[in-house]
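Novice: Could you work out the structure for the sequence below:
(one chain, ligands or ions: 2)
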Amino acid sequence: MPLAPSPTLLVTGGAGYIGSHTLIELIQAGYRPIVLDNFSNGSAHALKRVESLTGHALEVIEGDIRDAALLDTVFHQTKAHGAPIQGVVHFAGLKAVGESVAAPLDYYQTNVAGTLTLLQAMDQAQVHTIVFSSSATVYGIPREQPYTEMHPIAPINPYGQTKAMVEQVLRDWCATLPARRAICLRYFNPIGAHPSGMLGEAPQGIPNNLFPFITQVAVGKRSHLNIFGNDYPTVDGTGVRDYIHVLDLAVGHVKALEHARGTTGGFAAVNLGTGRGTSVLELLNTFSAISGRKIPYEFQPRRPGDIAECWADPSTAEALLGWKATRTLEDMCADGWRWQSRNPNGYED
Ligand code: NAD
Ligand code: UDP
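Specialist: Numbering: from 1, shown residues only. Ligands and ions are numbered 1, 2, ... in the order given. Okay, the predicted model is just below:
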């Protein structure tokens with residue numbers, strides 16, 4: 001009997017941190033991903049490494065999600081070749097909170113207008129399935145912990161606003177046609193890397209986020225870590241977050257697609273986290289123990305806009321998608337360290 005053809009997917013932002021790891025899981029699950037990326041923050045080397053890890057030749061289009069004509073061509077050509085795109089996994093976007101405060105229009109333009117352009121092209125091509133990279137940032141100031149999906153949506157910066165707006169657009173988009181399916185995955189704090197040491201996070205310039213900063217101190221690229229606040233009402237005074245292994249997150253996308261393909265339609269927003277909070281000092285100490293590297297640090301005042309603590313209630317993901325994080329904080333540290341120590345300059349090596 002001939003094998004069923006692999007379902008074709010458009011993966012926007014596939015050359016980025018989360019997208020590149022997700023490509024591996026998608027390929028292993030039998031999908032045929034077509035990557036669309038403008039390489040503003042992604043790496044062609046990451047895609048080459050995905051190819052060597054999977055043994056699968058990727059189709060890559062260098063382009064922008066705001067380019068309506070390009071999107072129409074991509075959807076049209078795949079249809080003409082008999083392997084139409086059946087769904088979109090939409091990672092492409094800008095993601096730095098501080099930058100979004102300084103340049104909000106860039107964020108609304110790329111994240112909101114770009115997604116509208118993408119959805120219009122999907123409508124033209126009658127593609128009804130999208131999995132969208134949302135964020136726990138949509139919740140804003142916590143009223144209670146853990147965050148459930150029922151927590152009010154009240155983002156406190158333009159980046160979070162763009163994610164909340166796109167979620168609303170997708171909700172409305174689904175309501176107008178029963179066949180449409182949108183799953184918004186609200187990521188908590190993705191860290192770590194592929195266990196091969198070949199793929200990982202490669203931030204440009206000084207990292208904004210805690211984990212890549214720690215790994216860059218460990219590898220000698222930075223002298224010490226500044227810890228923003230040691231007077232929070234938390235276990236040790238430092239901020240608490242729900243760190244999740246990037247490969248667990250990647251698997252979450254495969255599960256979301258399986259769910260979308262098995263339902264008749266509709267909108268869902270789902271937390272992807274472990275359900276466990278970890279403080280800055282706990283992460284630092286775990287990383288030190290795993291890597292054998294001492295991480296010098298200094299306490300600094302709180303970072304403006306930071307909350308004391310947040311973690312996910314991941315029960316919807318388990319009930320709806322059959323997904324649960326399986327990798328530990330030690331796995332995240334070991335895999336993140338393997339990546340950083342073997343690639344001290346990211347993909348530039
Ligand atoms: P990333 O910057 O590594 O990846 C984003 C990719 O999108 C990059 O390869 C970039 O070149 C591409 N891109 C940006 N603008 C584009 C455009 N206009 N057209 C085409 N491609 C474009 O980021 P990431 O960490 O992999 O995040 C992926 C998604 O997940 C983003 O939407 C981000 O907002 C969301 N998210 C990330 C985190 C996190 O902590 N990393 C947390 C929550 C949500
Ligand atoms: N953090 C820190 N030093 C840094 C970067 C982050 O102490 O250089 C703290 C930050 O205050 C927060 C936690 O680490 O408590 C996670 O921050 P990150 O920026 O990684 O994620 P987010 O704040 O977006 O959840």
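Novice: now could you export just the CA positions of stretch 256-269 as PDB?
Specialist: The C-alpha coordinates for stretch 256-269 follow below in PDB (Å, rounded to 0.1, in the frame of the first residue of the first chain):
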ATOM      1  CA  ALA A 256      -1.700  21.000  19.100                       C
ATOM      2  CA  LEU A 257      -1.700  20.200  15.300                       C
ATOM      3  CA  GLU A 258      -2.900  16.600  16.000                       C
ATOM      4  CA  HIS A 259      -5.700  18.000  18.100                       C
ATOM      5  CA  ALA A 260      -6.600  20.700  15.500                       C
ATOM      6  CA  ARG A 261      -6.700  18.000  12.700                       C
ATOM      7  CA  GLY A 262      -8.900  15.800  14.900                       C
ATOM      8  CA  THR A 263     -11.500  18.500  15.700                       C
ATOM      9  CA  THR A 264     -14.200  20.000  13.500                       C
ATOM     10  CA  GLY A 265     -13.100  23.600  14.300                       C
ATOM     11  CA  GLY A 266     -12.900  26.300  16.900                       C
ATOM     12  CA  PHE A 267     -10.500  28.400  19.000                       C
ATOM     13  CA  ALA A 268      -8.500  27.400  22.000                       C
ATOM     14  CA  ALA A 269      -5.900  29.100  24.100                       C
END
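Novice: hmm, that stretch touching ligand 1?
Specialist: No: using Cβ under 6 Å from any ligand atom, stretch 256-269 never reaches ligand 1; the gap is at least 12.9 Å. Just so you know, the C-beta spots here come from the backbone N, C-alpha and C atoms, and that holds for glycine as well.
Novice: I'd like the mean pLDDT over that stretch, please.
Specialist: Stretch 256-269 comes out with an average pLDDT of 91.
Novice: check contacts around Ala202.
Specialist: Ala202 makes contact with 17, 43, 46, 343, 346-347 under the criterion Cβ atoms under 8 Å, 6 or more residues apart in numbering.
Novice: Among those residues, which one lies nearest to ligand 2?
Specialist: Tyr17 (12.7 Å; Cβ to the nearest ligand atom).
Novice: how much space between the closest residue to the closest one other than its chain neighbours and Ala334?
Specialist: Leaving aside its sequence neighbours, Tyr17 sits nearest to Glu201 (Cβ to Cβ, 6 or more residues apart in numbering; 4.6 Å). According to Cβ to Cβ, to the nearest Å, Glu201 and Ala334 sit 15 Å apart.
Novice: More neighbours: which of those two?
Specialist: Relative neighbour count places Glu201 above the other of Glu201 and Ala334, with 23 against 19, counting by other Cβ atoms under 10 Å.
Novice: hang on, that one packs against Ala193?
Specialist: Yes: using Cβ atoms under 8 Å, Glu201 is in contact with Ala193, at 6.8 Å.
Novice: Could I get the full set of helices for the stretch 101-250 of the chain?
Specialist: With DSSP state H, counting those that start in this stretch as the criterion, the stretch 101-250 of the chain has helices at 104-107, 114-125, 158-175, 210-218, 246-262.
Novice: coming back round to it: filter the contacts of Ala202 down to just the ones in helices.
Specialist: 17, 46 (DSSP state H).
Novice: Between Glu201 and Ala193, which contacts overlap?
Specialist: 246, 336, 339.
Novice: Including mean neighbour count, could the helices of the stretch 101-250 of the chain go into CSV?
Specialist: Formatted as CSV, the helices of the stretch 101-250 of the chain follow (neighbours: other Cβ atoms under 10 Å):
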stretch, mean neighbour count
helix 104-107, 16
helix 114-125, 19
helix 158-175, 20
helix 210-218, 23
helix 246-262, 22
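Novice: Which residue does the stretch 201-349 of the chain have closest to ligand 2?
Specialist: Taking Cβ to the nearest ligand atom, ligand 2 has its nearest neighbour within the stretch 201-349 of the chain at Gly239, 2.2 Å off.
Novice: Need phi/psi at that residue.
Specialist: Backbone geometry at Gly239, expressed as degrees, to the nearest 10, gives phi -60, psi 150.
Novice: Would you agree His21 is in contact with Ala250?
Specialist: Yes: taking contacts as Cβ under 8 Å, His21 lies within contact range of Ala250: 4.5 Å.
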